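>>> Okay, sequence plus prediction incoming.
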Amino acid sequence: MSNLSGFVKRLRDIMRNDAGINGDAQRIEQIAWLLFLKVYDAKEQDWEWDDESYVSIIPEECRWRNWAADDHSGMAITGDKLLDFVNNTLFPTLKALPVDATTPLNKSIVQTTFADANNYMKDGVLLRQIVNYIDDIDFSNYEESHAFGEIYETILKELQSAGSAGEFYTPRAVTDFMAQMIEPQIGESMADFACGTGGFITSWLKELRKKVKTTEDEASYANSIYGIEKKQFPYMLCITNMLLHDLDAPKVFHDNALLRNVLDYTEEDRVNVILMNPPYGGSEKADVKKHFPADLASSETADLFMSVIMYRLKENGRVAVILPDGFLFGTDNAKAAIKKKLFTEFNVHTIVRMPGSVFSPYTSITTNILFFNKTGATKETWFYRLDMPDGYKHFSKTRPMKLEHFAPVVEWWNNRKDICVDGFDKAKKYDVIELESRNYNIDLCGYPHEEEEILPPKELIQQYQEKRASLNAEIDRILAQITDILGITFEDEEGKN
């Protein structure tokens, strides 16, 4: 393909003329399943070269090379015939591929990828144009294949502004920073239990690749990752992402990590490293709480994932996880219990406060990165506030956060010291006894003199609900202390009224 840089724009321009495409989210989903089949077909060519006995799980008529490839002889199917094939043969066939426990992972991913996929296009001629444009990519050409990996990253970035689909994408600067600070090692296993499009996995692989020296290292590299994604669309994007990163059998599964009792995990289920940005602001069905000890059974999704993380980390394991401010200041029963377990069983050594616009335009909720290890209880925790870089009022789609913006915290990381700016703590170390005395309200080294930001109604309601729950819990705790000192109970007081 002569002009990869215009790839996304060209596809967008074609799809705008199709009555079946409604908005960016559908446009990207349409591109996603077509790309998967193209990339998978290129992978199968490699597997066939390496193994003469290789047999595709996809029936011959449904393999990309047999229906999508156009030799420009005028024989390629198009128009209504192409639509009929895609809707009534291709999709039903791929959704119903025979898969069981014995099916190799590099084959079963086809069925799981298409389980809930959709063809939105209604114009077969336009669909043929899209197919031809994608088919022109030459994945056997290393330079072109590598260049397309960069293009695919731009497709994932576009999810940030594609409605609710933005929840699946963590800015690459953030995932790269977290992977760098976690320092991957050959032989370690890494997991993301809500992996979205695979951003943390690819950042991990990029860092780990620097350590690969031998063929044994190469095998460890390919088998180092484990991902789970609940939603079909990001799962499809993630699998394609992994294939583009030369993982022939990516251990990424279409599942819900919260649907297993955390007490049932064995050593085989545990990993050395966890990198995550758990979904937050949402809630799971009531029966999901049954999979967690009563004191940890929060209604907040991010809290539940924190419990999964704690139960699935190996001894001496390391974690970097993104959590909203609500986790830091929250002192309701479940959050307090989760944080008590976290600080008494793990070493929470660093918390990096991030600016509120890091995830703009998807959300304005302020987030934080917690770094902790399973090496014993916390004795002290460093907090570091990452301020906006000079010349930035806020991050945006056109001026996103860059890896270089983490330079101040990277410089501070190995030479830690207290920092105070204009009378406000920017970096400070707190003894765990002090954190415990605050009932684990760890909203420390925050942003001073912040301008009041008008949040979308849903986020504003969520923020107020979290603050109200936190204040109620704090009031109850203080009242309990007072009444304990006075030797009275709430019932005694009510009896007098």
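Good, I have the coordinates.
>>> Pull the number of nearby residues for Glu436.
A count of nearby residues for Glu436, using other CB atoms under 10 Å, gives 14. Quick note: C-beta positions are derived from backbone N, CA and C, even for glycine.
>>> could you measure Lys122 against Pro92, distance?
18 Å (CB to CB, to the nearest Å).
>>> Could you do Ile14 as well?
From Ile14 to Pro92 the distance is 25 Å (CB to CB).
>>> One more: Ile201?
Distance from Ile201 to Pro92, by CB to CB: 31 Å.
>>> Gln111 is in contact with Lys95, isn't it?
Yes - at 7.1 Å, Gln111 counts as touching Lys95 under the criterion of CB atoms under 8 Å.
>>> So these two - more neighbours on which side?
Taking other CB under 10 Å, Gln111 and Lys95 do not tie; Gln111 has more neighbours (19 against 14).
>>> Tell me which other helices or strands the helix or strand containing that one touches.
In this assignment (DSSP states H and E), Gln111 forms part of helix 105-114. Packing partners of helix 105-114 (3 or more CB pairs under 8 Å, 6 or more residues apart in numbering; DSSP states H and E): helix 24-50, helix 91-95, helix 232-244, strand 252-254.
>>> Run the angle between it and helix 232-244 for me.
150 degrees (axes from the mean of the first three to the mean of the last three CA atoms, to 10 degrees).
>>> Just the buried residues of the next helix or strand after helix 105-114, please?
Using DSSP H and E, the helix or strand that directly follows helix 105-114 along the chain is helix 124-135. Buried residues in helix 124-135, counted by 16 or more other CB atoms under 10 Å: Gly124, Leu126, Leu127, Arg128, Gln129, Ile130, Val131, Ile134, Asp135.
>>> Need the three-state assignment for Tyr280.
Three-state call for Tyr280 (DSSP: H, G, I helix; E, B strand; the rest coil): coil.
>>> swap that for Ser299, please
Assignment for Ser299 (three-state DSSP): coil.
>>> Now do the strands in the protein.
Per DSSP state E, the chain carries strands over the ranges 190-192, 225-229, 252-254, 271-276, 313-324, 347-353, 367-373, 380-385, 419-421, 424-431.
>>> How far away from the center of its chain is the first one?
With CA atoms, centre = their mean, to the nearest Å as the basis, strand 190-192 stands 10 Å off its chain's centre.
>>> what does that strand rub up against?
Contact with strand 190-192 is made by 184, 198, 200-201, 204, 224-228, 271-276, 312, as judged by CB atoms under 8 Å, 6 or more residues apart in numbering.
>>> Domain map for this structure?
4-140, 171-194+257-451 (automatic domain parsing).
>>> got CSV for those domains, with distance to Cys238 and mean pLDDT too?
Output for these, formatted as CSV (distance: least, CB to CB, whole Å; pLDDT from 0 to 100):
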stretch, distance to Cys238, mean pLDDT
domain 4-140, 9, 91
domain 171-194+257-451, 9, 92
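>>> so which of the ones you listed comes closest to Val212?
domain 171-194+257-451 (7.0 Å; CB to CB).
>>> mind checking pLDDT for Tyr142?
pLDDT recorded at Tyr142 is 69.
>>> try Asn3
Note on Asn3: pLDDT of 54.
>>> Sweet, I'm off.
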